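K.L.:
below are the sequence and a predicted model for it; my questions follow.
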Amino acid sequence: MQKPSIMKNIIAIAGIMLANMGYAQRPALLGASDVNALPSAAADARIPYGDGPEQFGDLRLPKGKGPFPVAIVIHGGCWVHSYADIQNSTALADALRDAGIATWNIEYRRMDDPGGGWPGTFTDVADAADHLRELAKQYPLDLKRVIAIGHSAGGHLAFWLAARHRFPSEAPFYTADPLKLVGVISLAGPPDLQAFIGQDAHSCGGPVVAKLLGDAQHIDQDRLKAASPAAWLPLGMPQRLIVGQFDFVMTPALSSGYVAQAVAAGDDAQYLPIPGVGHFELIAPHSAAGPTVLGAALDLLHMR
């Protein structure tokens, strides 16, 4: 019989070998710069929804007369300006437009922008969504068919938009008549901010949830509830959470755990894992994730 210490070493070495085998079998994955460099057609219009330099969106319209269903597209980047901007979601917005969906790809203040974080990031996303009512006066948009789709931190913000109609009048960010959505899609986003605490330091290089809520040293529980879509279940609309097998930024467990909560609350929520892809493939239309992402949008908008 092997001595215990020798056996432990054998087990440790075997574990390292298996891990390395898995790493070697992992395909080459896209990064943020790869997605930024993807080709896309120019937007039909870049339109401000506020007075600040980050308060604008790119509107893309399909060919034809419309009115067109709409996807509010929200880029990620850990709610940090230097990590990503509107360019990161341009290829996705362009592909959705080519599939017959008008896209409103929005920029917003992040927590390292003046006025961003708490509350500016949230008020910007809300204002951008509600600004579609103004755009529909000029462009052929069908506001009875609007979804939100966001990547990474943008997935959190997309689900937060989907939760707004649940806010009571005394809650932060309450508005009496938020733009109504018919569905929401998270592309590797964290709809449950409580569950993301701890993982955020690994994924984003620091305690970004606390910083997003206004205090890097202390998480205000009232603000956490106001900012976390999971706190407002049921959302009362179809929800699709798409995540890559090799996503080590927003781990698959964050999505599957939220789906379990949403289903238990009575919502139509689905977890859609994509084998062989990572974090950024979800916003690369040509990747293996592209058909699932597009299919989810078309299904929620009843286009197929």
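P.N.:
Cool, got the structure. These numbers were taken from a predicted model, which means no experiment stands behind them.

K.L.:
so residue 128 touches residue 106, yeah?
P.N.:
Yes: if you go by C-beta atoms under 8 Å, residue 128 and residue 106 touch, sitting 4.2 Å apart. From N, CA and C alone the C-beta is placed, and that goes for glycine too.

K.L.:
give me phi/psi at residue 104?
P.N.:
Here is the backbone geometry of residue 104 (degrees, to the nearest 10): phi -120, psi 90.

K.L.:
test my guess that it contacts residue 74.
P.N.:
No: checked against C-beta under 8 Å, the pair residue 104 and residue 74 is beyond contact range at 9.6 Å.

K.L.:
need the residues touching each of residue 128 and residue 106.
P.N.:
Counting by C-beta atoms under 8 Å, 6 or more residues apart in numbering, the shared contacts of residue 128 and residue 106 are 49, 57, 72.

K.L.:
distance between stretch 265-284 and the chain's centre?
P.N.:
Centroid separation for stretch 265-284 versus its chain: 10 Å, with C-alpha atoms, centre = their mean, to the nearest Å.

K.L.:
what is the mean pLDDT for that stretch?
P.N.:
Mean per-residue pLDDT for stretch 265-284: 98.

K.L.:
before we move on, what about stretch 204-215?
P.N.:
94.

K.L.:
convert the C-alpha atoms of that stretch to PDB, please.
P.N.:
Provided in PDB are the C-alpha atoms of stretch 204-215 (Å, rounded to 0.1, in the frame of the first residue of the first chain):
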ATOM      1  CA  CYS A 204     -13.100  42.400 -12.900                       C
ATOM      2  CA  GLY A 205     -10.000  42.800 -10.900                       C
ATOM      3  CA  GLY A 206     -11.600  44.200  -7.800                       C
ATOM      4  CA  PRO A 207     -14.800  44.600  -5.800                       C
ATOM      5  CA  VAL A 208     -16.800  46.300  -8.600                       C
ATOM      6  CA  VAL A 209     -20.200  45.600  -7.200                       C
ATOM      7  CA  ALA A 210     -19.400  47.600  -4.100                       C
ATOM      8  CA  LYS A 211     -17.900  50.400  -6.300                       C
ATOM      9  CA  LEU A 212     -21.000  50.400  -8.600                       C
ATOM     10  CA  LEU A 213     -23.200  50.900  -5.500                       C
ATOM     11  CA  GLY A 214     -21.100  53.900  -4.400                       C
ATOM     12  CA  ASP A 215     -18.800  52.600  -1.600                       C
END
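
K.L.:
how much space between residue 288 and residue 27?
P.N.:
Plainly put, residue 288 is 9 Å away from residue 27 if you go by C-beta to C-beta, to the nearest Å.

K.L.:
neighbour count for those two, which is higher?
P.N.:
Set residue 288 next to residue 27 and count neighbours by other C-beta atoms under 10 Å: residue 288 wins out with 16 against 12.

K.L.:
pLDDT wise, what is the more buried one at?
P.N.:
97.

K.L.:
so residue 104 and residue 74 - more neighbours on which side?
P.N.:
Shown here are residue 104 and residue 74; by other C-beta under 10 Å, residue 74 has more neighbours (32 against 26).

K.L.:
that one is in contact with residue 157, isn't it?
P.N.:
Yes: counting by C-beta under 8 Å, residue 157 is a contact partner of residue 74 at 5.0 Å.

K.L.:
give me the neighbour count for residue 119.
P.N.:
17.

K.L.:
how about it, what does it touch?
P.N.:
Counting by C-beta under 8 Å, 6+ apart, residue 119 has contacts 172-173.

K.L.:
which ones are touching residue 288?
P.N.:
274-277, 281.

K.L.:
rewinding a little: tell me, what's touching residue 288 and residue 27 both at once?
P.N.:
Joint contacts of residue 288 and residue 27 (C-beta under 8 Å, 6+ apart) are 276-277.

K.L.:
partner strands of the longest strand that the chain contains and their direction?
P.N.:
When the chain is parsed with DSSP state E, its longest strand is strand 141-151. Strand 141-151 has the following strand partners under DSSP bridges: strand 68-74 (parallel), strand 183-187 (parallel).

K.L.:
now that strand - C-alpha only, PDB.
P.N.:
Taking Å, rounded to 0.1, in the frame of the first residue of the first chain, the C-alpha atoms of strand 141-151 are listed here in PDB:
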ATOM      1  CA  LEU A 141     -40.200  51.400 -34.400                       C
ATOM      2  CA  ASP A 142     -42.800  48.900 -33.000                       C
ATOM      3  CA  LEU A 143     -42.700  49.700 -29.300                       C
ATOM      4  CA  LYS A 144     -45.100  46.800 -28.600                       C
ATOM      5  CA  ARG A 145     -42.200  44.500 -29.400                       C
ATOM      6  CA  VAL A 146     -39.000  45.600 -27.500                       C
ATOM      7  CA  ILE A 147     -36.400  43.400 -25.900                       C
ATOM      8  CA  ALA A 148     -33.200  44.200 -24.100                       C
ATOM      9  CA  ILE A 149     -30.100  42.200 -24.700                       C
ATOM     10  CA  GLY A 150     -26.800  42.800 -22.900                       C
ATOM     11  CA  HIS A 151     -23.400  41.300 -22.600                       C
END
